[in-house]
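Student: Return a 3D structure for these sequence lines:
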Amino acid sequence: MARYTGPKTKIARKFGEPIYGPDKVLEKKKYGPGMHGPNRRRGKMSEYGSQLREKQKAKYTYGILERQFRKLYAEASRRGGITGEVLLQLIESRLDNVVYRLGIARSRAQARQLVSHCHIAVNGSVVNIPSCLLKEGDVVSVRERSKSLEIVTDSLASRPCSASWLSWDAATMSGKFMNYPQRADIPENINEQLIVELYSK
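Tutor: Below is the predicted model:
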């Protein structure tokens, strides 16, 4: 399974945001990476540069590679509605992201691992494809034999589900994808309009 495996703090410093979660290094060094540190002269970013930066931020945040991102954008363009918002809704409906939002995993990377290692079921059937897109009404659950996994129980105890478009049943360790989220309900700091402008060129 292709995925980014490079230094995460370096990427977080590049965007100036903790896109991978709390980061002590980012708190100390709130400037971009590089040997010249905060003294490096940075010219004004071009319009294209801003658009590209926003797309890269979205890709790193959700752990999506370029080919997958292009497919999601193409699908969002085919559907009705505001393309940028539909794009984020599709990304949020990915199985790995839903597993993360439900609190089953501490990070999206850990969620992808749980899915690919066959610990997660959708509507009662095991699914090992992290990029699988869920539909309204789909039920995501932890497999019976995986409910005692320490990484699952620890994650559920530390970060309960708070997404308004998902419901969680602690007794059965299952959650329901009730509906696609509204843009205001998605907490990620992403300007999706810049991404649309980039792909529209």
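Student: For this protein, give me the ranges with low pLDDT.
Tutor: The model of the chain has pLDDT under 70 over residues 1-4, 10, 12, 15-16, 18-43.
Student: Which stretches in it count as strands?
Tutor: For the chain, applying DSSP state E gives strands covering 120-122, 125-126, 139-142, 166-169, 174-177.
Student: Quick one: residues contacting Ile186.
Tutor: For Ile186, the contact set (CB atoms under 8 Å, 6 or more residues apart in numbering) comprises Leu88, Glu92. Every residue, glycine included, has its C-beta placed from N, CA and C.
Student: Equivalent analysis for Ile195, please.
Tutor: Counted by CB under 8 Å, 6+ apart, Ile195 has contacts Gln51, Glu54, Lys55, Ala58, Tyr73, Gly84, Leu87.
Student: Wait, the last one touches Lys71, no?
Tutor: No: in this structure, Leu87 is not within contact of Lys71 by CB atoms under 8 Å, at 10.9 Å.
Student: Look at the two and report which has more neighbours.
Tutor: Leu87 (25 against 13; other CB atoms under 10 Å).
Student: What residue, apart from its backbone neighbours, is nearest the more buried one spatially?
Tutor: Ala76 (4.0 Å; CB to CB, 6 or more residues apart in numbering).
Student: The one you found: neighbour count?
Tutor: So Ala76, with other CB under 10 Å, has 23 neighbours.
Student: where's the residue nearest the centre of the chain relative to Glu144, distance?
Tutor: In the chain, the centroid-proximal residue (CA atoms, centre = their mean) is Tyr62; its distance is 2.8 Å. Remark: distance between Tyr62 and Glu144 (CB to CB, to the nearest Å) = 29 Å.
Student: same thing with Arg101?
Tutor: Relative to Glu144, Arg101 is positioned 22 Å away (criterion: CB to CB).
Student: more neighbours, the two?
Tutor: Legend: neighbour count by other CB under 10 Å for Arg101 and Glu144, higher for Arg101 (24 against 9).
Student: Go ahead and confirm the more buried one touches Trp168.
Tutor: No: using CB under 8 Å, Arg101 makes no contact with Trp168, being 9.5 Å away.
Student: who touches both of the two?
Tutor: With CB under 8 Å, 6+ apart, Arg101 and Trp168 have common neighbours Cys161.
Student: can you list the domain ranges for this protein.
Tutor: As given by automatic domain parsing, the domain ranges for the chain are 8-88+189-199, 94-179.
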